[in-house]
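Peer 1: Quick one: sequence plus predicted model below, questions after.
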Amino acid sequence: MAEQGPPRILALWSAPRCRSTAFMRMMGERGDFLVLHEPFSHVADFGAAEVGDRRVGSETELIAALRDLSADRPVFFKDTTDFHYPGLLADRVFLAEVRHTFIIRHPREAIASHSALNPGVGRDEIGFARLAEIFDAVAATGGKPVVVDSDDLVEKPEETVRRYCAEVGIPFRPEALSWQSGMRREWVRTSRWHESTSRTSGFARVTGTYERTPDNDPVLAGYLRYHLPFYDRLRAHRLTVPS
């Protein structure tokens, strides 16, 4: 059963390199949400995040700022699980009151892409285990997490986004499936991670050749073995998208 009415706060959680930035770009094109780029990650990585006109320095402050912003306008944020968020996991009220959604990509692809940008990436930074931890925490509150398979998104963008919108209770806006290419202001701080998305004008499969992959590197192969069960478990809950 889809949620009735639009959520005040809509979250998209993703392991790194799973096409979440393209999804955020589409949400920004809609115009009906205040869109925030990786506020939890910025607090964890840089010690602070800009949320509206506020600068927050902790998860507790960030959650309070999101609640305040959503009183005036619906908020969408996307974030990645290369970091661990104990404040989020401890706040059962926030876990229950936000509409939490997830986007996945096969970890074989995500790991190769991540390693190319961060050759020293650690196992936990790959992020699928932490993604599953948030999924479980949301489910434990009685929520119904929504999972988008990003392969569906690039192969059947209209059908996938339409299905997502119906599930979270927002209108489908086909015009948001295309956008102007270019680097967004909110991406500048981490621009090298978003360079490929900045060249797009819609959902598309961006192919790349990677020197190190789980198929030829034993360290990355170990990461794949560790994270694959978490991906498989989330994928079992993915939205079904008609052909």
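Peer 2: Looks like it came in fine.
Peer 1: Where do the strands of the chain begin and end?
Peer 2: 9-14, 34-37, 49-51, 54-56, 75-80, 99-104, 146-149 (DSSP state E).
Peer 1: could you say what helices and strands the first one packs with?
Peer 2: Same thing as strand 9-14. helix 20-30, helix 59-70, strand 75-80, strand 99-104, helix 128-140 (3 or more C-beta pairs under 8 Å, 6 or more residues apart in numbering; DSSP states H and E). Glycine gets a C-beta too; all of them are placed from N, C-alpha and C.
Peer 1: Tell me which of these sits nearest to residue 176.
Peer 2: Closest of the helices and strands packed on strand 9-14 to residue 176 is helix 20-30, at 4.0 Å (criterion: C-beta to C-beta).
Peer 1: Surely residue 212 and residue 114 touch.
Peer 2: No. Using C-beta atoms under 8 Å, residue 212 is not in contact with residue 114; the gap is 10.2 Å.
Peer 1: what about those two, which has more around it?
Peer 2: residue 114 (24 against 14; other C-beta atoms under 10 Å).
Peer 1: For residue 88, see how far away the more buried one is.
Peer 2: Distance, residue 114 to residue 88, using C-beta to C-beta, to the nearest Å: 22 Å.
Peer 1: now the longest helix belonging to the chain, how far from the chain's geometric center?
Peer 2: As assigned by DSSP state H, the longest helix anywhere in the chain is helix 218-235. Chain-centre distance of helix 218-235: 18 Å, with C-alpha atoms, centre = their mean, to the nearest Å.
Peer 1: Quick check: buried residues in it?
Peer 2: Neighbour counts over helix 218-235 (16 or more other C-beta atoms under 10 Å) mark 220, 223-224, 227-228, 230-231, 234 as buried.
Peer 1: Just the residues contacting that helix, thanks.
Peer 2: Contacts to helix 218-235, defined as C-beta atoms under 8 Å, 6 or more residues apart in numbering, come from residues 15, 102, 104, 106-108, 111-112, 115, 123, 126-129, 131-132, 135, 147, 149, 212-215.
Peer 1: That one to strand 99-104, inter-axis angle?
Peer 2: Counting by axes from the mean of the first three to the mean of the last three C-alpha atoms, to 10 degrees, helix 218-235 lies at 140 degrees to strand 99-104.
Peer 1: I'd like the numbering to begin with 173 instead of 1 from here.
Peer 2: Sure thing, new numbering starts at 173, so read that last one as helix 390-407.
Peer 1: Can you give me the pLDDT of residue 361?
Peer 2: Looking at residue 361, its pLDDT is 58.
Peer 1: Kindly apply the preceding question to residue 283 instead.
Peer 2: At residue 283, the model reports a pLDDT of 97.
Peer 1: With residue 381 instead?
Peer 2: Looking at residue 381, the pLDDT reads 80.
Peer 1: Please report how far it lies from residue 323.
Peer 2: 19 Å.
Peer 1: likewise residue 272?
Peer 2: Residue 272 is 21 Å from residue 323, by C-beta to C-beta.
Peer 1: distance of the closest residue to residue 295 other than its chain neighbours from residue 385?
Peer 2: Sequence neighbours aside, residue 395 is the residue nearest to residue 295 in space, at 5.2 Å (criterion: C-beta to C-beta, 6 or more residues apart in numbering). Applying C-beta to C-beta, the value for residue 395 to residue 385 is 11 Å.
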